[in-house]
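J.: Build the 3D model from these lines:
(chains A and B)
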Amino acid sequence: GAVVSQHPSRVICKSGTSVKIECRSLDFQATTMFWYRQFPKKSLMLMATSNEGSKATYEQGVEKDKFLINHASLTLSTLTVTSAHPEDSSFYICSARDLGGYGYTFGSGTRLTVV
Amino acid sequence: AQSVTQPDIHITVSEGASLELRCNYSYGATPYLFWYVQSPGQGLQLLLKYFSGDTLVQGIKGFEAEFKRSQSSFNLRKPSVHWSDAAEYFCAVGASADSWGKFQFGAGTQVVVTP
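T.: Take a look at the predicted model:
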């Protein structure tokens, strides 16, 4: 079945540094991927839609200059948290549309801690 | 705009007992409905989905859900709960075909299974 790999699973970084999170579709091509953020004991919030070969579409309230998204190939989307601050600490999850378009496979998530 | 409500934040159930998780949605057209499960620190796993057709949907791990248009509900059920079912469960509604993957998630229901 469709598998989405997300890396790293956990990362700790210092305030002011940038962190890159990768989302790969392992056995299918994904023209569209999605990035979500999950706060502790909260639901998932869609941050942006990542489109292969074009600019990402950000949801209202999401800072596109802070959360840079690149979808340079059909199997890879990256989310870079720039100049990270403690309030950016969260669980970030990506998802990708599988071939049939009727299901979305989620990555296993990345726990980001900014210290 | 679409929305999803999971009225129960937390449910405790005994192992072997039945489980029902409630989900109500608000959407103008026929919704695309999903149930996902998340174990601690993990990504989301799709349990089942409903697009059309038979309103009783069978999923993995012995779960089923019933779509009731008149009640705008999509409740998840399992006849006999196992300790491994302890997790967070999210109901989600997907937008129409032109914006696949833009899920609106409910707040989630935490399920605790007691011996």
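J.: For the residue lying closest to A:Ser108 once chain neighbours are set aside, give me its contacts.
T.: Nearest residue to A:Ser108 in three dimensions, chain neighbours excluded: B:Gly43, at 4.0 Å (CB to CB, 6 or more residues apart in numbering or on different chains). Bear in mind the C-beta positions are built from the backbone N, C-alpha and C, glycine included. Listed by CB atoms under 8 Å, 6 or more residues apart in numbering or on different chains, the contact partners of B:Gly43 are A:Gln6, A:Ile93, A:Phe106, A:Gly107, A:Ser108, A:Gly109.
J.: redo that, cut-off 7 Å
T.: With contact taken as CB atoms under 7 Å, 6 or more residues apart in numbering or on different chains, B:Gly43 is in contact with A:Ile93, A:Phe106, A:Gly107, A:Ser108, A:Gly109.
J.: roughly how far apart are the last one and chain B?
T.: Separation of A:Gly109 from chain B (CB to the nearest CB, to the nearest Å): 5 Å.
J.: Tell me which residues touch that residue, please.
T.: By CB under 7 Å, 6+ apart, the neighbours of A:Gly109 are A:Gln6, A:Phe91, A:Tyr92, A:Ile93, B:Gln42, B:Gly43.
J.: A:Leu46: neighbour count?
T.: By other CB atoms under 10 Å in any protein chain shown, 18 other residues sit near A:Leu46.
J.: Near chain B, which residues of chain A? Just list them.
T.: For chain A, the contact set with chain B under CB under 7 Å from any CB of the partner chain comprises A:32, A:34, A:43-44, A:46, A:49, A:93, A:95, A:97, A:101-104, A:106-109, A:111.
J.: residues near B:Phe63, how many?
T.: Neighbourhood size, B:Phe63 [other CB under 10 Å]: 20.
J.: Repeat that for B:Val13.
T.: When neighbours are counted by other CB under 10 Å, B:Val13 comes out with 17.
J.: Let me know the pLDDT of it.
T.: B:Val13 is assigned a pLDDT of 97 by the prediction.
J.: Report the separation between it and A:Ser50.
T.: Computed as CB to CB, to the nearest Å, the B:Val13 to A:Ser50 distance reads 38 Å.
J.: now swap in A:Thr32 and tell me
T.: A:Thr32 is 7 Å from A:Ser50, by CB to CB.
J.: out of these two, which sits in the busier spot?
T.: A side-by-side neighbour count of A:Thr32 and A:Ser50, using other CB under 10 Å, places A:Ser50 first with 26 against 20.
J.: Does that one lie in a helix or a strand, and which?
T.: Assigned by DSSP states H and E, A:Ser50 belongs to strand A:44-51.
J.: Let me see the residues that make contact with that strand.
T.: Residues from elsewhere that reach strand A:44-51, judged by CB under 7 Å, 6+ apart: A:31-38, A:56-59, A:62, A:67, A:69, A:71, A:77, A:93, B:102-103, B:105.
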